[in-house]
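S.K.: dropping the sequence and predicted coords here.
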Amino acid sequence: MSILGIDIGGSGIKGALVNTETGEMVTDRLRIPTPQPATPQAVIKTIKEIIKYFDYSGPLGLGIPSVVLDGIVMSAANIDDGWIGFPGQKAIAEATGLKATLLNDADVAAIAEMRFGAGRGHLETAMIFTLGTGIGSAMFVNGRLVPNLELGHIFMRNRKKDAEAYASDRIRKEKALSWQEWGGRLNAYFQYIEALFSPQLIIIGGGVSKKHEKFLKYIDVRAKVVPAQFLNQAGIVGAALAAERPDLNGG
Ligand code: BGC
């Protein structure tokens, strides 16, 4: 079945049709810059443009950089605060006339990687981190998603800012950190994560994962650390998969 997956990000809103039996994108990706401020109304307008572009009707899957409980958006780190408490899933369904499934963006990326990508067949504890504007995090235990982990916002020992303000890809760019400097920050972060959760597998996603040769070598943890197979497309693919079987995904 071909389902439209949409990844709502801090800088771009991206969509494509996905074959949910194979996890492959069956169209090119359409990317529209995220409206600023990224209020619910403005973002829903962009979602409607994407649907129109693909002339789509059918179930719709979406990932958003927020905690989402029963379709209600509970946080807004890199989008407008107007999302907090907003019934996003219901509002998108009403505005589009489509059955919508709205989940956290890292959760949907993890769904794609666990089903068709780097975590395929892995049945122990796997964690996925998307490194971008923020740090997205997700965990699968015995094939089940533990939804809405917010490990980009933990405070590491002796630091006044959260992990996202220390080790996201945005910080690497803003502070013009070398790969080694940033790799050292990521290493400190993943060692802390390992001390808390002891995953057997860590999958690194987000746009920067395509440059994994430059920084994975600085990460020294017990867990196996691998790049995401879907790289930055995991959000779109996973959103489509979640729309097909919302029951399987903790959503
Ligand atoms: C948000 C998360 C999101 C991550 C990646 C964080 O700032 O709090 O919900 O998954 O960014 O977009």
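M.R.: Cool, got the structure. Numbering: from 1, shown residues only.

S.K.: put the alpha carbons of stretch 158-166 into PDB.
M.R.: Output of stretch 158-166 as PDB, limited to C-alpha atoms (Å, rounded to 0.1, in the frame of the first residue of the first chain):
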ATOM      1  CA  ASN A 158      28.000  19.600  35.700                       C
ATOM      2  CA  ARG A 159      26.300  21.200  32.700                       C
ATOM      3  CA  LYS A 160      23.900  24.100  32.800                       C
ATOM      4  CA  LYS A 161      22.300  23.300  29.500                       C
ATOM      5  CA  ASP A 162      20.500  20.200  28.200                       C
ATOM      6  CA  ALA A 163      22.200  17.600  25.900                       C
ATOM      7  CA  GLU A 164      20.700  19.100  22.800                       C
ATOM      8  CA  ALA A 165      22.400  22.500  23.500                       C
ATOM      9  CA  TYR A 166      25.700  20.600  23.900                       C
END
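
S.K.: buried residues in that stretch, which are they?
M.R.: 162-166 (16 or more other C-beta atoms under 10 Å). Where you see a C-beta, it was placed from the backbone N, CA and C, and this is true even at glycine.

S.K.: where does residue 176 fall, phi/psi-wise?
M.R.: Residue 176 adopts backbone torsions of phi 50, psi 50, taken as degrees, to the nearest 10.

S.K.: from residue 6, how far off is it?
M.R.: 32 Å (C-beta to C-beta, to the nearest Å).

S.K.: neighbour count winner among those two?
M.R.: residue 6 (28 against 8; other C-beta atoms under 10 Å).

S.K.: given the host helix or strand of the more buried one, what are its sheet partners and their directions?
M.R.: Per DSSP states H and E, residue 6 falls inside strand 2-8. Using DSSP bridges, strand 2-8 pairs in its sheet with strand 12-19 (antiparallel), strand 60-64 (parallel).

S.K.: which one of the buried residues of stretch 158-166 is nearest to residue 19?
M.R.: residue 164 (33.0 Å; C-beta to C-beta).

S.K.: where is the longest helix in this structure?
M.R.: What stands out as the longest helix in the chain, according to DSSP state H, is helix 179-197.

S.K.: quick one: average pLDDT of it?
M.R.: On average, the pLDDT along helix 179-197 is 98.

S.K.: how far off helix 179-197 does the very next helix or strand once past it point, in degrees?
M.R.: Moving toward the C-terminus from helix 179-197, the first helix or strand encountered (DSSP H and E) is strand 201-205. Orientation of strand 201-205 against helix 179-197 (axes from the mean of the first three to the mean of the last three C-alpha atoms, to 10 degrees) gives an angle of 140 degrees.

S.K.: can you list contacts of strand 201-205?
M.R.: Here strand 201-205 makes contact (C-beta atoms under 8 Å, 6 or more residues apart in numbering) with 109-110, 113, 117-119, 122, 124-131, 136, 190, 193, 212, 216, 221, 223-228, 230-232, 234.

S.K.: filter these down to the ones in strands?
M.R.: 125-131, 136, 224-227 (DSSP state E).

S.K.: mind checking how far whatever residue of the chain ends up closest to the ligand is from residue 77?
M.R.: Proximity to the ligand, evaluated over the chain using C-beta to the nearest ligand atom, is greatest for residue 134 at 2.6 Å. Distance of residue 134 to residue 77, computed by C-beta to C-beta: 6 Å.
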